[in-house]
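Undergrad: Fold the following and give me the result.
(one chain, ligands or ions: 4)
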Amino acid sequence: KEVEHFLKTAVEQDLFEVYYQPVYSLKEKRFITLEALSRLRHPDMGMIPPDVFINIAERQGEISQIALLQFRRVCGFVKENEQIMEKIKNVKFNLSPSELMKPGYSQKLIDVIREYGLKSEYFQFEITESVATEYSESFCSAVEDFNKAGIQLCLDDFGSGYANLNAVLKVPFAVVKIDRSLLNGICSDVQAADFYRSIVMIMKSMGYMIVAEGAETEEEVELLGKWGVDMIQGFYFSRPLPEKDILKII
Ligand code: G
Ligand code: G
Ligand code: MN
Ligand code: NA
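TA: Residues are numbered from 1 along each chain as shown. Ligands and ions are numbered 1, 2, ... in the order given. Modelled structure (predicted):
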């Protein structure tokens, strides 16, 4: 209840922050892209996890407002530090299911990019696999808008168990992020390893770039490299960091 109330204040006063987690390219041996992650700090309760406040915001109908505030913040950061775009390919931004179902919302995001005078290729939108499943007309037209604007799409949380593969394969994703849960046991359990390796093989053969999410150990990173994963995002390389810290490491 308190979080619900605080969220209203946070929207009114724009109290959100954006952290950035870098994604490491195994081929280029450097950070090649960033994921923008929303953060909200309560004065007494501390950090409220994004999945918590995003869920509440979806119920209270504030999610699109929050997303626009956050996307503006990301665009402002990129504008002020445009030299980082010589080092990284794009900044990934998460879109929630309800935003994508909202007619005209995609155009609002594209307008923010124009407003800041930035190239649309600077951004990649992450969509969780469950969304592609709820195939709605507004989702399809959002995908078309992003396509036309030259914004790539990234399939998030792949393998977390909600995907209608048939629907997913119809969406023109450039990148697939394999869900952290599939990484469990890949170093110790033959079945987990075989399964992960097979997913990588299938998705690579279909032409997607692959990001492995959630690698925390050197052993995992070595295996993922051997299996042909293109990029790794995980605590092994870096946690999500505030603006000034991310500038230092890229
Ligand atoms: O950063 P963290 O691991 O706590 O994020 C938890 C979940 O919240 C992740 O699935 C992430 O995709 C999601 N998330 C973080 N920031 C945003 C955001 O700005 N918008 C949406 N829709 N999801 C976000
Ligand atoms: O669902 P999504 O891909 O947006 O989730 C991103 C979230 O995953 C980030 O908020 C980040 O905190 C979390 N994350 C990233 N790398 C790791 C990791 O190596 N271990 C764990 N436990 N969480 C991670
Ligand atoms: Mn994500
Ligand atoms: Na994910």
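Undergrad: and the strand ranked longest in the chain, does that touch ligand 1?
TA: Counting residues, the longest strand found in the chain (DSSP state E) is strand 30-42. Yes: using Cβ under 6 Å from any ligand atom, a contact is recorded between strand 30-42 and ligand 1, made by Leu37, Ser38. C-beta: built from backbone N, CA, C; applies to glycine.
Undergrad: is ligand 4 contacted by that strand?
TA: No: using Cβ under 5 Å from the ion, strand 30-42 stays clear of ligand 4, coming no nearer than 9.1 Å.
Undergrad: so what does the following helix or strand past that strand touch, helix or strand wise?
TA: Heading C-terminal from strand 30-42, the first helix or strand you meet, by DSSP states H and E, is strand 46-48. Using 3 or more Cβ pairs under 8 Å, 6 or more residues apart in numbering; DSSP states H and E, the elements in contact with strand 46-48 are strand 30-42.
Undergrad: Tell me the buried residues in the strand it packs on?
TA: Across strand 30-42, burial judged by 16 or more other Cβ atoms under 10 Å covers Phe31, Ile32, Thr33, Leu34, Glu35, Ala36, Leu37, Ser38, Arg39, Leu40, His42.
Undergrad: And for stretch 153-165?
TA: Leu153, Cys154, Leu155, Asp156, Asp157, Phe158, Gly159, Tyr162, Ala163.
Undergrad: near ligand 4, which of the residues you listed show up?
TA: Among the buried residues of stretch 153-165, proximity to ligand 4 is found for Asp156, Asp157 (Cβ under 5 Å from the ion).
Undergrad: What mean pLDDT does the longest strand of the chain get?
TA: Here strand 30-42 scores 97 as its mean pLDDT.
Undergrad: Send me it as CSV with only the CA atoms.
TA: The C-alpha trace of strand 30-42 is given here as CSV (Å, rounded to 0.1, in the frame of the first residue of the first chain):
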residue,chain,number,x,y,z
ARG,A,30,34.9,-5.2,-24.7
PHE,A,31,31.5,-3.8,-23.6
ILE,A,32,29.5,-3.3,-26.7
THR,A,33,26.0,-2.2,-25.5
LEU,A,34,24.1,-1.1,-22.4
GLU,A,35,20.8,-2.1,-20.8
ALA,A,36,18.9,0.8,-19.1
LEU,A,37,17.3,-0.4,-15.9
SER,A,38,14.9,1.6,-13.8
ARG,A,39,15.5,2.3,-10.2
LEU,A,40,13.3,3.9,-7.5
ARG,A,41,14.6,4.7,-4.1
HIS,A,42,12.2,5.1,-1.2
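Undergrad: Sounds good, over and out.
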